[in-house]
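Trainee: here's my sequence, what's the structure:
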Amino acid sequence: MALDPKSLKLFIRVIQAGTISAAAEQEHIAAAAISRRISDLEEQMGVALVERSNKGLKATPAGRALIDRAHRILNDLGALETHIQDYGSGEKGYVRIHANLSAINQFLPAELGAFLKSYPHIQIDLAERMSTEIAQAVAENTADIGVLVMDEPIKDLTYLPYRSDELAIITSRHHPLAKRRKVRFEETLDFPYVGLPHGSQMNLQLTRSALALNRTWRCRFQVSGYDALCLMVEADLGTGILPRRVAQTQAKALHIRILELDEPWAKRQLHLCVRSRASLSPAAQLLVAHMAHNYVSPATT
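Mentor: Below you'll find the predicted structure:
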């Protein structure tokens, strides 16, 4: 029996959603029908693809391997469909983007919204990942486009300038630094920090910068995103560093102070990352062209 692309898509959706019922609601299909498709896949493969518990479902090692390969298959099918479709009613396709937290919070909502108004038949699968993981995902063809803060470029990948941002320090209103307008990073190292998850590009930057000063970056808590980071800072549990635009949005609702970070590395360049433009599906090429066209250089921001 040949693999059914619909079953592969539903299997991926179930793992992403965590439960069959959540996936069924998202896909507007009966939960029993999804459960049957997964059972059929497991019978066809001769191996368990999911682990079931009272917390939901997660992929087995075999299931994760299937997801990786299924993404590639679905992407190839989407590219094939795009190639043969009549473009009279609009382009169709499937594009996988892995983007870091900064890009998702600052730029991608408006960027993707504008793109999908022009190309409503293109499906975009957006996943949040750490910059340290994104380029590898593109290299391994588990993502078509990466949006990241580049550290060490991976050979044979193409990097295109995307957007620039600026990091800022945030403190509670009662913090000893709160009345300052501008601080050097070294001045903040006397105080504990609230950081992002282990392995994030931000944490790596702060650790390296502290080591360059023969100091230690003390991270008291690690949280998964900017919202939680700002709430912890508001509660005076530590200082934090995040993009100024995000901090300004958060400061409208929270009692936090924003301080200029007086360091050259506070001004960052975000990049698009692809294997090569020629390797992209037509739909992915359209999206890259749209995002690169909207690039704003630091000199104009």
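
Trainee: show me where this protein has strands.
Mentor: 50-53, 56-59, 93-99, 122-128, 145-149, 158-172, 182-183, 193-195, 219-222, 240-243, 256-261, 267-274 (DSSP state E).

Trainee: let's have those strands in CSV, adding mean pLDDT.
Mentor: As requested, the strands of the chain are arranged in CSV below (pLDDT from 0 to 100):
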stretch, mean pLDDT
strand 50-53, 84
strand 56-59, 82
strand 93-99, 92
strand 122-128, 92
strand 145-149, 95
strand 158-172, 95
strand 182-183, 96
strand 193-195, 96
strand 219-222, 95
strand 240-243, 96
strand 256-261, 97
strand 267-274, 95
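
Trainee: just put the ones you listed in CSV and tack on distance to I134 and mean neighbour count.
Mentor: All C-beta spots, glycine's among them, are computed from the backbone N, C-alpha and C. Shown next, in CSV, are the strands of the chain (distance: least, Cβ to Cβ, whole Å; neighbours: other Cβ atoms under 10 Å):
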stretch, distance to I134, mean neighbour count
strand 50-53, 26, 13
strand 56-59, 21, 17
strand 93-99, 5, 25
strand 122-128, 9, 17
strand 145-149, 4, 25
strand 158-172, 11, 21
strand 182-183, 30, 14
strand 193-195, 19, 23
strand 219-222, 19, 15
strand 240-243, 17, 25
strand 256-261, 24, 20
strand 267-274, 7, 20
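
Trainee: and those strands: which comes nearest A31?
Mentor: Closest to A31 of the strands of the chain, according to Cβ to Cβ: strand 56-59, at 11.8 Å.

Trainee: how far does that closest one sit from the chain's center?
Mentor: Offset of strand 56-59 from its chain centre (Cα atoms, centre = their mean, to the nearest Å): 21 Å.

Trainee: can you list the strands that it pairs with?
Mentor: If you go by DSSP bridges, strand 56-59 pairs up with strand 50-53 (antiparallel).

Trainee: and the contacts of the partner strand?
Mentor: Here strand 50-53 makes contact (Cβ atoms under 8 Å, 6 or more residues apart in numbering) with 14-15, 38, 42, 57-60, 63.

Trainee: beta-bridge partners for H98, please?
Mentor: Taking DSSP bridges as the rule, H98 bridges to A127, G146.

Trainee: and it, how far from K155?
Mentor: H98 sits at a distance of 19 Å from K155 (criterion: Cβ to Cβ, to the nearest Å).

Trainee: ok, I15 next?
Mentor: Counting by Cβ to Cβ, the gap from I15 to K155 is 31 Å.

Trainee: relative to S7, which of the strands of the chain is closest?
Mentor: Closest approach to S7 among those is made by strand 50-53 (12.9 Å; Cβ to Cβ).

Trainee: mind putting the strands of the chain in CSV, distance to S281 included?
Mentor: Formatted as CSV, these follow (distance: least, Cβ to Cβ, whole Å):
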stretch, distance to S281
strand 50-53, 29
strand 56-59, 25
strand 93-99, 6
strand 122-128, 10
strand 145-149, 11
strand 158-172, 15
strand 182-183, 46
strand 193-195, 37
strand 219-222, 37
strand 240-243, 31
strand 256-261, 39
strand 267-274, 11
